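Undergrad: The sequence and its predicted three-dimensional model are supplied below.
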Amino acid sequence: MTIALFPGSFDPFHNGHLEVVERACSLFDELVVAVAHNPAKREALFSIEERIAMIEASVHGARGKVSVVATDRLTVEVARQLGADVIVRGVRAVSDFENELQMAQMNRQLSGVETLFVPTGSSYSFIASRLIREVARYQGDVSPFVPEPVARKMKEHCGG
């Protein structure tokens with residue numbers, strides 16, 4: 001049984017993330033989405049508990065194959081604890097790849113766990129949580145970019 005770990009802050013979870021989840025589910029027996037607080041990012045729009053609930057509602061079609069957990073530890077420690085065979089990372093552009101490659105190399109040196117890069121489709125390549133938060137703060141319509149449960153929660157949270 002192969003287990004993949006898909007870590008991120010997911011604030012909010014968007015259609016690009018969902019695409020990575022769906023594609024990873026076709027490659028691995030089990031996928032664990034690990035929701036983390038990223039201290040390098042500004043204050044989160046949603047709590048970790050809210051993000052977990054939105055992700056679970058968004059991936060409901062993959063029940064039994066996808067689980068969602070919170071973490072405040074190094075990704076490699078989470079991978080080790082879960083027995084993950086691989087870390088999955090979505091990449092949108094070359095700029096993403098440069099940063100992700102460094103993290104993948106560090107993670108491999110620390111733990112031996114490999115990273116699989118999943119490029120997003122061109123229809124999702126411009127979507128970033130940062131941009132979605134900005135649109136939502138100005139009461140813009142984010143529904144084309146996020147799963148329905150996330151759009152609903154964002155409308156409640158930000159208005160619009």
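TA: Sure, I can see it.

Undergrad: Tell me the buried residues in the helix ranked longest in the chain?
TA: When the chain is parsed with DSSP state H, its longest helix is helix 94-111. For helix 94-111, the neighbour count (16 or more other Cβ atoms under 10 Å) marks Asp96, Glu100, Ala104, Asn107, Ser111 as buried. The C-beta positions use only the backbone N, C-alpha and C, and glycine is treated the same way.

Undergrad: Ignoring the adjacent residues along the chain, who's closest to the first one?
TA: Pointing back at Asp96 there. Gly90 (7.9 Å; Cβ to Cβ, 6 or more residues apart in numbering).

Undergrad: got it, and the third one?
TA: Spatially, and ignoring its direct neighbours in sequence, Ala104 is nearest to Thr115 (3.6 Å; Cβ to Cβ, 6+ apart).

Undergrad: name the helices or strands packed onto the helix or strand encompassing the one you found?
TA: Secondary structure from DSSP states H and E places Thr115 in strand 114-119. Here strand 114-119 touches helix 15-27, strand 86-91, helix 94-111, going by 3 or more Cβ pairs under 8 Å, 6 or more residues apart in numbering; DSSP states H and E.

Undergrad: before we move on, back to that, what are the contacting residues of the longest helix of the chain?
TA: With contacts defined as Cβ atoms under 8 Å, 6 or more residues apart in numbering, helix 94-111 is touched by 74-76, 79-80, 87, 89-91, 113-115, 117.

Undergrad: which residues are in contact with stretch 26-34?
TA: For stretch 26-34, using Cβ under 8 Å, 6+ apart, the contacting residues are 1-8, 10, 21, 24-25, 55, 59, 62, 65-71, 75, 78, 82, 84-86, 88, 116.

Undergrad: Drop anything exposed from these.
TA: 3-8, 10, 21, 24-25, 55, 59, 66-69, 71, 75, 78, 82, 84-86, 88, 116.

Undergrad: And the pLDDT at Val94?
TA: pLDDT for Val94: 86.

Undergrad: Can you list the low-confidence ranges for the protein?
TA: Along the chain, the model assigns pLDDT under 70 to residues 40-41, 160.
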